[in-house]
Structures are given as C-alpha cells and as structure tokens.
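>>> 3D model of this:
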Amino acid sequence: MSPTGLEGRTAIVTGAGSGIGRAAALRFAAEGARVLIADLNGEGAAAVEQEIRAAGGTATTVVGDLSEQPVVDEVVATAVERFGTVDVLVNNAGIMDSFAAAADVTDAEWERLVRVNLTAPFLLARAVLPHMLAAGRGAIVNTASEAALRGSAAGAAYTATKHGVAGLTKSLAVMYRDKGVRSNAIAPGGTATGISVDIDAEAHGPGVVMGYGGNIGRVSEAEEQAAAIVFLASDAASNINGVILPVDNGWSAV
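Residues are numbered from 1 along each chain as shown. Below you'll find the model as predicted:
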C-alpha cells in the first residue's frame, strides 16, 4: 500500500499533456492512483497516457477545452464511469498573459484568461463536489502562481485570475472542511515547462514586470511542483486545508 494513501484512488489532472500537469499525472500513477488526463492538446495527452500504461499504471484521456461546460461534464462522467469515483481533482490547466498592464489589456485577452484560469477550475470543482461529498472525502489541488501572492509576477489579467484561484481555494476549504473535502493550492515560481510568453518588450507592463525578474531565484523543475501537488492530495496532508503553498525557492520571502 502506498504511504500516501493514493493507491486505488482516482485523480483528475488537467493540463496533464505537458509540464507540471504531465509530471503530476505520472507521479499520481506511480503512487498507484488511476489518472484521468484532461488537456486541450490531444497528442500530448495521448503520449502521457501511453507513458503511464507502459509503466504499468492506469489512465484514460479526455481532450477538450476545459472552459466549456460540456467538456467538464465529459471529464467527470468519464472518470466516474471508468473508475467509479473521483477522489482527487488537480486544476492545473492554465494560460499565461502577455504581461500587459491594465490600460493595455484587450477584452479578448482578459476574457480568455478568466475563462481558462478561473472559470474552468470553478466548473470542475463544482462538478466533482457531489461525488466527493457522497464519499465523505476528497482533495482538490489548484495550481495558483507566484502571481497569486504579488502584483509583480505577470500582467493584470494573469495576476487577477491567479488571485481568484487563491480565493476559490480558500472558499472551498472553508465551505467543505466539515464534509471531508480539502482544498489547497500550490503557487509555483519560475518553472521549466516550455511555455512561451508572447510579449511586447517595449510595452509598459512587460517593462515593469521584467524589472522585478532578478528576485526569481532558481527555476524549478516540473517534477518539484508535482511533488507538492501529490503531497497536498495525499493522506500525508490530511490536516492541511486552505493553504496556498509557495513552491518557489523562497521567491515569496524576498
């Protein structure tokens, strides 16, 4: 039996086709959990599923835009149909902004960031809660960001959505702590995930944000973020609830 208590449990991991999500999916599978991989990138998701299966694990995949309710419904229904329940939800999928300051953010950028980074985690949490509440247990782990802790790590849209993720995390923790459902978040600092950011280096927002880049410290590996996610979802964190955990080599302490 896994010391984390994750063996035989079902974990939904969003954004699991690459980066932190991929590392988390692989780690959950290594702990004996059954993993539902959810990602917009079908090729990446399929590769992660194959990797898990090749190592003797159990996984299935749902491809789609998690900001859309039908895709969320499919994710949760598939997990329940294939594995019987949902024990863990990892809301990791997200997109970066252009570092634009508020005066320069377009409606399209704002609305897309809110939909993907904040509305999608809410929709997924709402969808899994009936299953967790019926079982009397569950763990939700959200990927917030260093931008959830300060105003100097990204643009206005990303910063606002990640602060929203932190608020959602704490609300879930308070509302359901007496029902056996825990909610926590990690706040990654700089992490090597291969995500590129399309910015205008001459614009006001990027110029300000880049001026604080010297505080970032060592860039972490996706596996280091995944280790924190799996810990927060595990029985080892059974009395940890409502925490926004910086995984940033001390950046938040600077």
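
>>> compute the first-to-last residue distance for stretch 10-23.
Terminal residues of stretch 10-23 are spaced 16 Å apart (C-alpha to C-alpha, to the nearest Å).

>>> equivalent analysis for stretch 11-18, please.
16 Å.

>>> tell me the buried residues in that stretch?
Within stretch 11-18, the residues scored as buried using 16 or more other C-beta atoms under 10 Å are 11, 12, 13, 14, 15, 16, 17, 18. The way it works is simple: take the backbone N, C-alpha and C, and place the C-beta from them, glycine included.

>>> same thing with stretch 17-33?
In stretch 17-33, counting by 16+ other C-beta under 10 Å, buried: 17-33.

>>> can you give me the strands in the stretch 151-254 of the chain?
181-188, 191-192, 220-221, 244-247 (DSSP state E, counting those that start in this stretch).

>>> same for the third one, what does it pack against?
Which is strand 220-221. Judged by 3 or more C-beta pairs under 8 Å, 6 or more residues apart in numbering; DSSP states H and E, the packing partners of strand 220-221 are strand 191-192.

>>> show residues contacting the strand it packs on.
19, 20, 219, 220, 221, 222, 224, 225 (C-beta atoms under 8 Å, 6 or more residues apart in numbering).

>>> any idea how many residues pack against residue 51?
For residue 51, the neighbour count with other C-beta atoms under 10 Å is 15.

>>> does it sit in a helix, a strand or a coil?
Under DSSP: H, G, I helix; E, B strand; the rest coil, the three-state class of residue 51 is helix.

>>> let me see the contact set for it.
Taking C-beta under 8 Å, 6+ apart as the definition, contacts of residue 51 comprise residue 26.

>>> per-residue pLDDT, it?
Residue 51 is assigned a predicted lDDT (pLDDT) of 98.

>>> what does the pLDDT read for the residue of the chain positioned farthest from its centre?
Distance from the centre of the chain peaks at residue 202, with 30.8 Å (C-alpha atoms, centre = their mean). On the pLDDT scale, residue 202 is placed at 80.

>>> that one and residue 99, how far apart?
To residue 99, residue 202 is 12 Å away according to C-beta to C-beta, to the nearest Å.

>>> ok, residue 169 next?
Between residue 169 and residue 99 the computed distance is 24 Å (C-beta to C-beta).

>>> equivalent analysis for residue 198, please.
To residue 99, residue 198 is 9 Å away according to C-beta to C-beta.

>>> neighbour count: the two, which is higher?
Comparing residue 198 with residue 99 by other C-beta under 10 Å, the one with more neighbours is residue 99, at 26 against 8.

>>> got the phi and psi for that one?
phi 70, psi 20 (degrees, to the nearest 10).

>>> need the pLDDT of it.
So, for residue 99, pLDDT stands at 95.

>>> for the spatially closest residue to residue 109 that is not a sequence neighbour, what are its contacts?
Once flanking residues are discounted, residue 109 sits nearest to residue 157: 5.6 Å by C-beta to C-beta, 6 or more residues apart in numbering. Going by C-beta under 8 Å, 6+ apart, residue 157 touches 97, 100, 105, 109, 110, 113, 114.

>>> same thing with residue 84?
Residue 84 neighbours (C-beta under 8 Å, 6+ apart): residue 10.

>>> what's the distance between it and residue 179?
20 Å.

>>> so how far is stretch 152-164 off the chain centroid?
15 Å (C-alpha atoms, centre = their mean, to the nearest Å).

>>> oh sorry, the question was meant for stretch 20-38
Counting by C-alpha atoms, centre = their mean, stretch 20-38 comes out at 12 Å from the chain centroid.

>>> now swap in stretch 157-165 and tell me
Relative to the centre of its chain, stretch 157-165 is centred 13 Å away, using C-alpha atoms, centre = their mean.

>>> ok, the residue nearest the centre of the chain - contacts?
Centroid-nearest residue in the chain: residue 92, 1.8 Å away (criterion: C-alpha atoms, centre = their mean). Residues near residue 92 by C-beta under 8 Å, 6+ apart: 13, 14, 15, 16, 20, 21, 24, 142, 143, 229.
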